[in-house]
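> got a structure for you, letters missing:
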Ligand code: DQA
């Protein structure tokens, strides 16, 4: 079975391209999906790429990735939980409960921004944390997952 990378995106990331371009750049989520697809194709990985503004949908998708993980088919989860990073015990529990190998990803350098962005519920259960590389970080994260 070809190993699969789940790239999951949280709230407001559907607005990429027009949302605070000075922070997040001018590329759209569709551009990010194309970048991830090209990266996965080059590395021989399957890609599941999704975005939701709803916390529970992200929880459900982590559970789905967890079932694949239990079957031995998951390469890893790259999660940009966006604002839920800083608020969501439910996402923390989903990662803990499934044991999925996780990259916590942020487009911006959250540590150079407002103090409420400095705390993450996910960092303590992530295998890796990446921030500040812009949308190129998605490619770098997938390359990292491919080497786990
Ligand atoms: C973000 C950083 C978060 O603090 C913010 O709420 C986002 C995006 C990033 O990719 O830089 O929505 O996760």
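Thanks, I have it. Note that this is a predicted model, so its numbers are computed, not measured.

> Mind pulling the model confidence for residue 94?
Looking at residue 94, its pLDDT is 98.

> how many neighbours does it have?
Residue 94 has 25 neighbouring residues, counting by other Cβ atoms under 10 Å. (C-beta placed from N, C-alpha, C; glycine too.)

> hmm, who's touching whichever strand or helix holds it?
Here residue 94 sits within helix 89-98, counting by DSSP states H and E. Identification of contacts with helix 89-98 by Cβ atoms under 8 Å, 6 or more residues apart in numbering yields 55-56, 58-59, 62-63, 65-66, 69, 77, 79, 81, 84-85, 102, 121-122, 124-126.

> try 10 Å this time
For helix 89-98, contacts defined as Cβ atoms under 10 Å, 6 or more residues apart in numbering pick out 8, 10, 55-56, 58-70, 74, 77, 79, 81, 84-85, 88, 100-102, 104, 120-126.

> Please consider this matter closed, and thank you.
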